[in-house]
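Enquirer: Predicted model, plus sequence, below.
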Amino acid sequence: VSRYDDAAFRAQLRAELAATDLARFPVAHADLGYGFGAWSPQFLRWLGERDLIAVSWPAPAGGRGWPARAAYALLQELASAQAPAEALLYTLAVGYCICSVGNRDLQAEFLGPMRSGTVTFAEALSESEAGSDLFSLRTQATATDDGWRLDGQKVWTSNGAHADYALVAARTDPQASRHKGISVFVVGLDQPGVHRSPIIDATGEPSFAEVRFDGVRIPGHRLVGRLNGGIVQVLEALEWDRLYGRCVKAPYLRRELEQVVAALPTWECDLQDPSVRDIVTSLATEIEVCDALFARALESMEASGQSAAREVSIGKLFADELGQRFYHQIAGLIGPDAIAAPADGTAAGALARRIGRGLLTSRGLLLAGGAPDIQRMTIATRGLGLAASVGGAR
Ligand SMILES: Cc1cc2nc3c(=O)[nH]c(=O)nc-3n(C[C@H](O)[C@H](O)[C@H](O)COP(=O)(O)OP(=O)(O)OC[C@H]3O[C@@H](n4cnc5c(N)ncnc54)[C@H](O)[C@@H]3O)c2cc1C
């Protein structure tokens, strides 16, 4: 295992990405504005061929054994290049769960293909009556002779229509109190009994799906973590997901802002106008604040080796609200092109359409990975030591 050099790794990534035509990778749906780009299994394989996926996995799991900041640097550099790297986020999240709490057979089955980028994953946790309050979920896994039988319905599964596998939370002990008796499984989405219906989002993209399971067979070793307790372990592991899923916001918006500033004259927007300068300089400042919040969360998670719930929730809340401000304010500068830019093949047209999509998606991104009230509750209870408010969400 070689020593990790952050500056050298970032420089190597920048050079490789600059030399690559990122537009050649096919995408299943457009970039939604999270910061990690569009969904492209082909780009995930490209990363796998360069041994870039498992940079922060431990060496015994086939990784480079580098610290978490290597995966963080990778995601940030990809975001800065606006690469179509959404599938990587899920591979890192599920890979982290399998590395940390997966059994040996599960690791043997999945870590190799995940490392080479030949399989894709989604997270199918939420249900129609179980979002913030995940412990209300009703999907059920019943023990069979050689594993489990899965029945139920998930909703808002990002990329559920495109991924090969999903991490699925299901009730395994219906008698237990609602916080106990929930387990997590890796489920193949191309097998009999799985019905996936794409949901077309506000921008017209098939970015989510409803996924129904009718008597789906799950082999016994596909259980992730403890029986009847895996959900708690997986939710803890997914704290990295919230960090990785939003640390991309600042580098992505920094690049977006550079392009906007260069293109503003195209929309007859005067960069000498003090009100225009106020908007772009305030956004530039907030982007740096956002980056600093995530750098602090990363340091805190690396130092404790585990939870930094307060820092991650502060970062996520700030990043998502900044995303909303960014797209609203920039759309205001661009004017009508932000909602009706012609597909004229120009860079400015593509940028205007991206801003228009961001205007529509940025509200939803506040909910993905945990709604703002839930982040505020975490900051109140785990950051400020306040009592939990009535409502009792996770
Ligand atoms: C873009 C996007 C992508 C998503 N991707 C996925 C995915 O890949 N996989 C997946 O499983 N799910 C996914 N989801 C679902 C997401 O996790 C849920 O939408 C989210 O957890 C909120 O749940 P809900 O929609 O049921 O709203 P609810 O939980 O019903 O919340 C509604 C409102 O009430 C507030 N609220 C709820 N409980 C409390 C409380 N106790 N105290 C104060 N306020 C409260 C919330 O903040 C929110 O404003 C996605 C959602 C979006 C929008």
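Expert: Cool, got the structure. Being a predicted model, the structure only gives us computed values, none of them experimental. Residues are numbered from 1 along each chain as shown.
Enquirer: just checking, Leu317 touches Ile374?
Expert: No. If you go by Cβ atoms under 8 Å, Leu317 and Ile374 don't touch, sitting 9.7 Å apart. Every C-beta, even on glycine, is put in place using the N, C-alpha and C of the backbone.
Enquirer: low-confidence ranges in the protein?
Expert: Residues of the chain meeting the criterion pLDDT under 70: 1, 305-306, 390-394.
Enquirer: Which positions in it make contact with the ligand?
Expert: Selection of the chain residues close to the ligand by Cβ under 6 Å from any ligand atom yields 122-126, 131-132, 156-158, 364-365, 367-368, 370-374, 377, 391, 393.
Enquirer: Just the buried subset of those, written out for ChimeraX, thanks.
Expert: Buried residues among the residues of the chain next to the ligand (16 or more other Cβ atoms under 10 Å), as a ChimeraX selection:
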select :122,123,124,125,126,131,132,156,157,158,364,365,368,370,374,377,393
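Enquirer: in the stretch 101-250 of the chain, which spans are helices?
Expert: Per DSSP state H, counting those that start in this stretch, the stretch 101-250 of the chain carries helices over the ranges 104-116, 230-237, 239-246, 249-263.
Enquirer: Just the CA trace of the helix or strand containing Ala350, in CSV.
Expert: Using DSSP states H and E, Ala350 sits within helix 347-365. C-alpha atoms of helix 347-365 as CSV (Å, rounded to 0.1, in the frame of the first residue of the first chain):
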residue,chain,number,x,y,z
ALA,A,347,-22.0,25.7,-24.7
ALA,A,348,-24.1,28.6,-23.5
GLY,A,349,-27.3,26.8,-24.5
ALA,A,350,-26.3,23.6,-22.7
LEU,A,351,-25.4,25.7,-19.6
ALA,A,352,-28.7,27.5,-19.7
ARG,A,353,-30.6,24.2,-19.9
ARG,A,354,-28.5,22.9,-16.9
ILE,A,355,-29.4,26.0,-14.9
GLY,A,356,-33.1,25.5,-15.8
ARG,A,357,-33.0,21.8,-14.6
GLY,A,358,-31.2,22.9,-11.4
LEU,A,359,-34.0,25.4,-10.8
LEU,A,360,-36.5,22.5,-10.9
THR,A,361,-34.5,19.8,-9.1
SER,A,362,-32.8,21.8,-6.3
ARG,A,363,-35.9,21.8,-4.1
GLY,A,364,-36.0,17.9,-4.2
LEU,A,365,-32.4,17.6,-3.5
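Enquirer: who touches the next helix or strand after it?
Expert: The helix or strand immediately downstream of helix 347-365 is helix 372-378, counting by DSSP H and E. With contact meaning Cβ atoms under 8 Å, 6 or more residues apart in numbering, helix 372-378 is reached by 132, 309-310, 313-314, 316-317, 320-321, 366, 388-389, 391, 393-394.
Enquirer: Among those residues, find the one with the greatest number of neighbours, please.
Expert: Counting neighbours by other Cβ atoms under 10 Å, Lys316 comes out on top of the contacts of helix 372-378 with 28 neighbours.
Enquirer: From the centroid of this structure, which residue is nearest?
Expert: Nearest residue to the geometric centre of the chain (Cα atoms, centre = their mean): Gly245, 4.0 Å.
Enquirer: Contacts only, for it.
Expert: Applying Cβ under 8 Å, 6+ apart, the residues near Gly245 are 34, 36, 89, 93, 316, 368-369.
Enquirer: next one: Asp31
Expert: By Cβ under 8 Å, 6+ apart, the contact list for Asp31 reads 37-38, 82, 84, 86, 354, 357.
Enquirer: now, which of these sits nearest Asp337?
Expert: Of all the contacts of Asp31, the one with the least separation from Asp337 (Cβ to Cβ) is Arg354, at 11.4 Å.
Enquirer: Run a quick neighbour tally on that closest one.
Expert: The number of residues packed near Arg354 is 22, by other Cβ under 10 Å.
Enquirer: same thing with Ala61?
Expert: Counted with other Cβ under 10 Å, the neighbours of Ala61 add up to 18.
Enquirer: Near the residue lying closest to Gln233 once chain neighbours are set aside, how many other residues are there?
Expert: Counting by Cβ to Cβ, 6 or more residues apart in numbering, Gln233 lies nearest to Gly225, which is 4.0 Å off, once chain neighbours are set aside. Counted with other Cβ under 10 Å, the neighbours of Gly225 add up to 23.
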